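Engineer: need a structure here:
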Amino acid sequence: MGQKVAFIGLGVMGYPMAGHLQKSGYQVCVYNRTASKASKWVQEYAGTMADSPRQAAEGAALVFVCVGNDDDLRSVVLSEQGALAGMSPGTVLVDHTTASAKVAKELYQIAQQRQIGFLDAPVSGGQAGAENGVLTVMTGGDPSVFADAEPAMQAYARCCKLLGPAGTGQMAKMMNQICIAGVVQGLAEALNFGQQAGLDCEAVVEVISQGAAQSWQMQNRYQSMLKGEYDFGFAVDWMRKDLDIALQQARELGVTLPLTALVDQFYADVQNMGGGRWDTSSLLARLPK
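Structural biologist: Numbering: from 1, shown residues only. This next block holds a predicted model:
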């Protein structure tokens, strides 16, 4: 029998991540606020489900969390029926939520008081990366705790790296989202330019993607962007949440992010077009035809 672990939060990322753990030989107990989603996961992967985060965490050596935001995270971790209430000294809590560095440091301190390890470990790679087990995991915390959790995280990660103390993983994810915002806007403007100029954009991208302009976004999104297809992928609503975290952190650091702030407003335009659940590549949809 494999090691018992818990996974709390079965959204588009957590559902397949928990599945990879189960398929890798871990005994996974899941919790999800909508119980039907947990029941579906159990039917698919043959793990078990719990009625609360606390119950899921009881007896687990590792507890993984992947929820929506800071408030959701505090609720499933710190409440009376939260994960920490069911965890024992010497176990590890791994938070895959994209949240603030502030909440990461807060949870690290609370967990440490209970002799429980904590890692803030947001991920990048989107739904496809989660489903294919090739996520990038940016981690903050203590080296010994990371060493305990890394083998399990490798079940769904292509790259998993400890970058510094608690909060560092969240800061790294902010950098990731800042970079993506600029790249997607640049790609959207380039494709719009090409369309207005009457170019064969697919042929052009085939050429320029072999040079310095290439990016993951270009390789994976240009075809769907040209077709105006956005009903998949990482939602604009989620991206705005992530960019808000980055912009707030920048203000605290006294750092300016003018391009990021501008692209955030462009995403607000997409939301106003009814595209809150569209993929982030939908920046092209707001440009004049």
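
Engineer: Pull out the buried residues from the helix or strand encompassing Met174.
Structural biologist: Element membership for Met174, per DSSP states H and E: helix 168-196. Within helix 168-196, the residues that qualify as buried are 168-174, 176-178, 180-181, 183-188, 190-192, 194, counting by 16 or more other Cβ atoms under 10 Å. All C-beta atoms are positioned from the backbone trio N, CA, C, and that covers glycine.

Engineer: Skip ahead from it and say which helix or strand is next.
Structural biologist: Following helix 168-196 toward the C-terminus (DSSP H and E): helix 201-208.

Engineer: tell me which strands and helices that following helix is in contact with?
Structural biologist: When contacts are defined as 3 or more Cβ pairs under 8 Å, 6 or more residues apart in numbering; DSSP states H and E, helix 201-208 packs onto helix 168-196, helix 216-227.

Engineer: Tabulate those in TSV, adding columns for distance to Arg286 and mean pLDDT.
Structural biologist: What follows is those, written out as TSV (distance: least, Cβ to Cβ, whole Å; pLDDT from 0 to 100):
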stretch	distance to Arg286	mean pLDDT
helix 168-196	8	98
helix 216-227	12	97
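
Engineer: Could you say which one of the ones you listed comes nearest to Ala250?
Structural biologist: Of all the helices and strands packed on helix 201-208, helix 168-196 sits nearest to Ala250, with 8.2 Å by Cβ to Cβ.

Engineer: So Met175 versus Ala197, what's the distance?
Structural biologist: According to Cβ to Cβ, to the nearest Å, Met175 stands 33 Å off from Ala197.

Engineer: Under the pLDDT cut-off, which ranges of the protein? List them.
Structural biologist: Low-confidence segments of the chain, defined by pLDDT under 70: 1, 289.

Engineer: Please, where are all the helices along it?
Structural biologist: 14-23, 35-45, 53-57, 70-78, 83-86, 101-113, 126-132, 143-153, 168-196, 201-208, 216-227, 236-253, 258-272 (DSSP state H).

Engineer: most neighbours per residue, which of these?
Structural biologist: helix 53-57 (a mean of 25; mean count of other Cβ atoms under 10 Å).

Engineer: What is the distance between the helix holding Met174 and the centre of its chain?
Structural biologist: Centre-to-centre, helix 168-196 and its host chain are 16 Å apart (Cα atoms, centre = their mean, to the nearest Å).

Engineer: And it, what does it pack against?
Structural biologist: Checked by 3+ Cβ pairs under 8 Å, 6+ apart, helix 168-196 has helix 101-113, strand 117-120, strand 135-140, helix 201-208, helix 216-227, helix 236-253, helix 258-272 packed alongside it.

Engineer: Out of the ones you listed, which is closest to Ser24?
Structural biologist: Closest among the helices and strands packed on helix 168-196, using Cβ to Cβ: strand 135-140, at 13.9 Å.

Engineer: Tell me which residue is most central in the protein.
Structural biologist: Geometric centre of the chain, nearest residue: Val123, 4.3 Å, by Cα atoms, centre = their mean.

Engineer: How is this structure partitioned into domains?
Structural biologist: 4-165, 171-286 (automatic domain parsing).

Engineer: The residue lying closest to Val145 once chain neighbours are set aside: neighbour count?
Structural biologist: Nearest non-adjacent residue to Val145, counting by Cβ to Cβ, 6 or more residues apart in numbering: Gly117, 3.5 Å away. Using other Cβ atoms under 10 Å, Gly117 has 23 neighbouring residues.

Engineer: Could you shift the numbering so residue one becomes 44, and keep it that way?
Structural biologist: That works, and once the first residue is 44, the last one we named lands at Gly160.
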